[in-house]
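*Asks:* predicted model follows, preceded by the sequence.
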Amino acid sequence: MPAPTILIAGRPEDTKNYENIIKRMGVSCFVSIDPAQTDAATHLLLPGGGDITPAFFGQTDHGSHHVDTELDILQFDILSRFTAQKKPVLGICKGLQLINVHFGGDITQHIDTAETHRWVGRDQFHYVFHSDLGRRDFFYQLYGTSAKVNSAHHQAVNRIGRGLVPVCRAGDNVIEGLVHAALPVFAVQWHPERMPDGGGESLFAYFFSLR
């Protein structure tokens with residue numbers, strides 16, 4: 001079985017934390033938003049970033065920040081290619097929301113409880129709780145019934161995309177983790193690439209193990 005090669009679908013100036021943890025764990029990665037690079041990678045990482053252009057989920061802009069429509073178009077194209085080939089995908093923060101929209105879901109552009117989730121010059125921290133009825137999903141396998149995570153977002157999943165299952169939620173019911181029922185696709189709303197004390201490495205190791 002070949003060693004994984006991770007495509008980080010983002011702009012290089014925004015992806016250093018993701019590159020650092022992947023390389024620290026001894027795994028090969030590269031950064032590109034060129035859909036033609038899809039075949040050079042075994043796994044896709046959709047990183048955090050600004051908000052998705054609301055037109056992609058059928059809304060006008062009423063609270064989205066730092067949109068980058070060109071980036072959205074390229075990330076959706078790359079994601080489509082990976083899902084068509086049934087290759088593993090991990091979404092982080094914005095990446096979770098991209099996955100949800102790709103499968104037909106939508107986004108709440110500014111959640112009522114944003115003050116407890118958003119970036120305040122640093123990450124905030126809160127607990128998330130297992131919410132799936134089964135115990136086979138990645139969250140339960142890695143964390144059991146709850147975990148303390150870091151948070152830097154003001155938007156959240158609203159309508160859930162086709163085939164996606166929410167596996168954990170924050171105390172205010174914000175969806176914090178999704179997994180696809182049939183594809184090797186999963187996502188978290190927090191930032192494992194910058195968890196203190198290497199707290200995100202188990203999630204990346206799980207990602208690397210998917211085939």
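*Replies:* Cool, the structure landed. Just so it is clear, the model here is predicted, and its values are computed rather than measured.
*Asks:* wait, a helix at Phe129?
*Replies:* No. Looking at Phe129 with DSSP: H, G, I helix; E, B strand; the rest coil, it is strand, so not inside a helix.
*Asks:* which strand residues bridge it?
*Replies:* Ser146, Arg169 (DSSP bridges).
*Asks:* and it, what is it in contact with?
*Replies:* Thr145, Ser146, Cys168, Arg169, Ala170, Gly171 (Cβ atoms under 8 Å, 6 or more residues apart in numbering). Bear in mind the C-beta positions are built from the backbone N, C-alpha and C, glycine included.
*Asks:* buried subset of these, written for PyMOL?
*Replies:* A single PyMOL command is used to select the members of the contacts of Phe129 judged buried by 16 or more other Cβ atoms under 10 Å:
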select buried, resi 168+169+170
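*Asks:* tell me the one of the contacts of Phe129 nearest His66?
*Replies:* Closest approach to His66 among the contacts of Phe129 (Cβ to Cβ): Ala170, at 22.3 Å.
*Asks:* and the closest one, what pLDDT?
*Replies:* At Ala170, the model reports a pLDDT of 98.
*Asks:* I'd say it and Phe125 touch.
*Replies:* No. Applying Cβ atoms under 8 Å, one finds Ala170 not in contact with Phe125, separated by 11.0 Å.
*Asks:* shared neighbours, the two?
*Replies:* Joint contacts of Ala170 and Phe125 (Cβ under 8 Å, 6+ apart) are Ser151.
*Asks:* endpoint to endpoint, stretch 89-109 covers what distance?
*Replies:* End-to-end span of stretch 89-109 (Cα to Cα, to the nearest Å): 24 Å.
*Asks:* repeat that for stretch 170-188.
*Replies:* Stretch 170-188 end-to-end distance (Cα to Cα) = 12 Å.
*Asks:* stretch 41-50 too?
*Replies:* 24 Å.
*Asks:* A strand includes Gly10, no?
*Replies:* No. Assigned with three-state DSSP, Gly10 falls outside any strand and is coil.
*Asks:* next one: it from Asp197, what distance?
*Replies:* Separation of Gly10 from Asp197 (Cβ to Cβ, to the nearest Å) stands at 25 Å.
*Asks:* comparing the two, which residue is more hemmed in?
*Replies:* Gly10 (23 against 6; other Cβ atoms under 10 Å).
*Asks:* quick revisit: and of the contacts of Phe129, the nearest to Pro88?
*Replies:* Cys168 (19.2 Å).
*Asks:* can you give me the strands in this protein?
*Replies:* According to DSSP state E, the chain carries its strands in the segments 5-8, 28-31, 43-46, 89-92, 107-108, 124-130, 146-151, 156-157, 164-170, 175-180, 185-188.
*Asks:* run through who's touching the third one.
*Replies:* Just to be clear, that refers to strand 43-46. 4-10, 18, 22, 29, 38, 75, 78-79, 82, 87-92, 94-96, 98-99, 187, 207-208, 210.
*Asks:* re earlier: need the contacts of Phe129 in TSV (columns: distance to Ala156).
*Replies:* Converted to TSV, the contacts of Phe129 look like this (distance: Cβ to Cβ, whole Å):
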residue	distance to Ala156
Thr145	21
Ser146	18
Cys168	13
Arg169	10
Ala170	9
Gly171	13
